[in-house]
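In: fold the following.
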Amino acid sequence: MGKFKSSLTAIAVVVALGACSQQPPETTSTDAPNAASTQQVQSDNILLQEFTGPYGGVPAFDKMKLEDLKPALEQAMVLNLQEIEAIANNEAPPTFENVIVEMERAGAELSRVFTYYGIWSSNKSSSEFREIQAEMSPKLSAFFTQITQNEKLFARVKAVYESEEMQTLTPEEQRITWMTYNGFARNGATLDGEAKKRYAEINEELATLHTKFSNNILADEENYVTYITEEQLGGLPESFVKAAKAAAESRGEEGKYAITNTRSSMDPFLTYSTNRELRETVWRTYYNRGDNADDFDNNEIIKRILTLRDERVELLGYENYAQWRLEDRMAKNPDNAMGLMMKVWPSAIARVEEEVADMQAIADKEGADITIEPWDYRFYAEKVRQAKYDLDSNEVKQYLQLDKLREAMFYVAGRLFNFNFTPVEEGKVPVFHEDVKVWEVTDKDSGEHIGLWYLDPFSRKGKRSGAWATTYRSYTTFDGKKTVLSSNNSNFVKGADGEATLISWDDAETYFHEFGHALHFLSSDVKYPSSHSGVRDYTEFQSQLLERWLTTDEVINQFLVHHETGEPIPASLVEKIKKAATFNEGFKTTEYMASAIMDLKYHTTDPSKIEPDTFEREELNKLGMPEEIVMRHRSPHFGHVFSGEGYAAAYYGYMWAEVLTADAAEAFMEAPGGFYDKEVGDRLVKYLFSVRNAMDPEEAYRKFRGRDAKVDALMRDRGFPAPKDASE
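Out: Sure, this is the predicted structure:
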């Protein structure tokens, strides 16, 4: 949405993984300095200052100090409220220019502070930061509520939305006006009296709970590290052993090997370790995050979050939270979202049954005398992969060098988007950690500066798990051209000194996926900040689609080379990879969909009937969840859903986007030039990337494809039988 609403997006990344529909307290001298002192603080506090330096200005990451954060947030809120009050109390008749455009312009200082806040929250958290976060989250929530509950402001927004002028605006201007009005109407602006007061109270408490939930997960990721000794390394690849040794040494544990509590460490350990007892330990440690019946347990927090969300949407007249959440998404309602899930679920769990049978047969043949358990799945799946396809994941990994894959992504960006990536000289652009590197992005033909791309690839203490993309500045032209500052962040386990960092095929896909988000930012061609707000069940589509270029011949033949010999990956190994493309698809689909289905169930069920300790297990049993698999994100560490609201009742969106992805991929497969076809590629950039949210996603997809997407493309892509009704 607008500048102050892009702050909502920023705080979502900051406070969690989702959007924040919250707002601020009545500002008093005890909450923040008065307006007279604001300018002095602004000039002294680096977090409030405009970005300076090259490339249109860059964040001063080298000068950010935690003690500046709280006063910066407080002063930015004061400044933003002054801007909002000026818009609300303007005596001139409301127009697009003096209401909507001024709202787009407001909140620049707060947006800049959130850039730094997001770094502390996601990339370099600490106990000191988390204290500030816990204190400021409810204040920020109250701040945003103060804006959406500003009756004069809403009246002016509504007047523009309902005016004759609306029909004279450009399509992008009409869309951001609708989004602005909708953002108010759906977030308490229409409430009166006690209902409005209660709405604000709920938002404040939710902000606190979201922050606590997120910090509890991070605490378990930091506190639970499994240390093993040399005699316990059986089956583990040399590259993993070296990385685990380095991870232990960095934690002061000389002579040991650290299995950190992140997916990038857990996953390869469970795949290769021959020590079944240790596999179970590592598996339980990872999947019990937030569920250890200690000070960082999240179960009661889940219950309270669900109760408050339900109460809040009831104030707005909705039957349940999911109904409210999906009203302005592509799915429109929870029935449609669940309907898609249920078209795929039976085929997914049927495939799991086949996969488990294959694994059990190998275990029996080896005389293992076991029944396949969740901590065995990856280990025996790898054995099946080798037996069925003669494909060894560790052999493939030798050709997956992090740096080479980065060059592959640059190649794809050059072919599709005409982008060129040039390393920025170290020290020219400030960074927040020595691991972070920066590239300038330019147009290959004209040399025009497009923006910067920051990369923070490695896991470390204080960095949240997973992989994500974000922006420090988005492209706009309404107030003078602003170029893009984009960032990709991962948690790869760094290779030993002087050695390549090798990653798995799944991690390589994730690398491309997140780069897809960055390309979405970099290719944007919109006028207003609001046009960058994403429709959650569409926003993953572009990044999922970019994963497809990893398997193109052009990438494989040029960039998948052995880390020691430099030899290209053998054609025979590539053939095995392609033959095994749908291998283990039951596992991957089921673990994801279990989380997506549970998300919808949590948000369509009366919270008074939910006991978090048992609800997950009971509902999955009803669905016939295979015992050998757990949710990709078990409820107590389901940060997408309970650390914020962006993915709440919307985690299904990855599957919704997968339908679009599979269908769009077939458009390239059908084209004469394949995945590098010029005509289809041009439509891709024009309608699926550069337009951002300035056009309705359904309209944009139809312009690209000529029709709506069909679910049967997804079923073909996953090697599942197509459902009888494939008209999705």
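In: going forward, measure contacts between C-alpha atoms and count neighbours the same way
Out: Will do.
In: so what's the nearest residue to Asp220 once chain neighbours are set aside up against?
Out: With sequence-adjacent residues excluded and distances taken as CA to CA, 6 or more residues apart in numbering, Asp220 is closest to Arg289, at 5.7 Å. Arg289 makes contacts with 217, 220-221, 636-637, as judged by CA atoms under 8 Å, 6 or more residues apart in numbering.
In: the residue of the chain positioned farthest from its centre: helix or strand, and which one exactly?
Out: Within the chain, the residue lying farthest from the chain centre (CA atoms, centre = their mean) is Gly367, at 42.6 Å. In this structure, Gly367 sits in neither a helix nor a strand according to DSSP states H and E.
In: any chance of the contacts of Arg289 in a markdown table, with secondary structure too?
Out: Shown next, in a markdown table, are those (DSSP: H, G, I helix; E, B strand; the rest coil):
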| residue | secondary structure |
| --- | --- |
| Ile217 | helix |
| Asp220 | helix |
| Glu221 | helix |
| Pro636 | helix |
| His637 | helix |
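In: and the residues you listed, which two are furthest apart?
Out: The span of the contacts of Arg289, defined through CA to CA, is set by Glu221 and Pro636 at 12.8 Å.
In: still on that earlier bit, how far away is the residue farthest from the centre of the chain from Gln167?
Out: 74 Å (CA to CA, to the nearest Å).
In: now Asp220
Out: In terms of CA to CA, Asp220 sits 53 Å off from Gln167.
In: the more surrounded of those two?
Out: Higher neighbour count among Asp220 and Gln167: Asp220, with 21 against 12, using other CA atoms under 10 Å.
In: test my guess that Glu314 contacts Asn320.
Out: Yes. Contact criterion CA atoms under 8 Å: Glu314 and Asn320 qualify, at 7.1 Å.
In: neighbouring contacts of stretch 359-374?
Out: Counting by CA under 8 Å, 6+ apart, 356, 377, 380-381, 383-384, 627-630 sit against stretch 359-374.
In: got JSON lines for those, with distance to Met103, neighbour count and secondary structure too?
Out: Below are the contacts of stretch 359-374 laid out as JSON lines (distance: CA to CA, whole Å; neighbours: other CA atoms under 10 Å; DSSP: H, G, I helix; E, B strand; the rest coil):
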{"residue": "Val356", "distance to Met103": "55", "neighbour count": "23", "secondary structure": "helix"}
{"residue": "Tyr377", "distance to Met103": "52", "neighbour count": "21", "secondary structure": "helix"}
{"residue": "Tyr380", "distance to Met103": "56", "neighbour count": "23", "secondary structure": "helix"}
{"residue": "Ala381", "distance to Met103": "53", "neighbour count": "21", "secondary structure": "helix"}
{"residue": "Lys383", "distance to Met103": "58", "neighbour count": "22", "secondary structure": "helix"}
{"residue": "Val384", "distance to Met103": "57", "neighbour count": "23", "secondary structure": "helix"}
{"residue": "Glu627", "distance to Met103": "52", "neighbour count": "11", "secondary structure": "coil"}
{"residue": "Glu628", "distance to Met103": "51", "neighbour count": "16", "secondary structure": "coil"}
{"residue": "Ile629", "distance to Met103": "48", "neighbour count": "19", "secondary structure": "coil"}
{"residue": "Val630", "distance to Met103": "45", "neighbour count": "19", "secondary structure": "coil"}
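In: if we can go back for a sec, between Glu221 and Pro636, who's got more neighbours?
Out: Pro636 (27 against 22).
In: how far away is the more buried one from Ala134?
Out: For Pro636 relative to Ala134 (CA to CA), the value is 19 Å.
In: swap in Thr226?
Out: 29 Å.
In: and Arg548, by the same measure?
Out: Arg548 is 40 Å from Ala134, by CA to CA.
In: low-scoring pLDDT stretches of this structure, where are they?
Out: 1-43, 722-728 (pLDDT under 70).
In: what do you get if the cut-off is 50, keeping everything else the same?
Out: 1-42, 726-728 (pLDDT under 50).
In: name the nearest residue to the residue positioned nearest the centre of it, ignoring sequence neighbours.
Out: The residue lying closest to the centre of the chain (CA atoms, centre = their mean) is Trp468, at 5.0 Å. Closest residue in space to Trp468, ignoring its immediate chain neighbours: Asn489 at 5.3 Å, by CA to CA, 6+ apart.
In: can you show me the strands along the protein?
Out: Assigned by DSSP state E, the strands in the chain fall at 226-228, 257-259, 419-423, 437-443, 449-458, 468-473, 484-492.
In: I'd like those written out as a markdown table, with distance to Val535 added.
Out: Below are the strands of the chain laid out as a markdown table (distance: least, CA to CA, whole Å):
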| stretch | distance to Val535 |
| --- | --- |
| strand 226-228 | 39 |
| strand 257-259 | 37 |
| strand 419-423 | 26 |
| strand 437-443 | 26 |
| strand 449-458 | 23 |
| strand 468-473 | 16 |
| strand 484-492 | 19 |
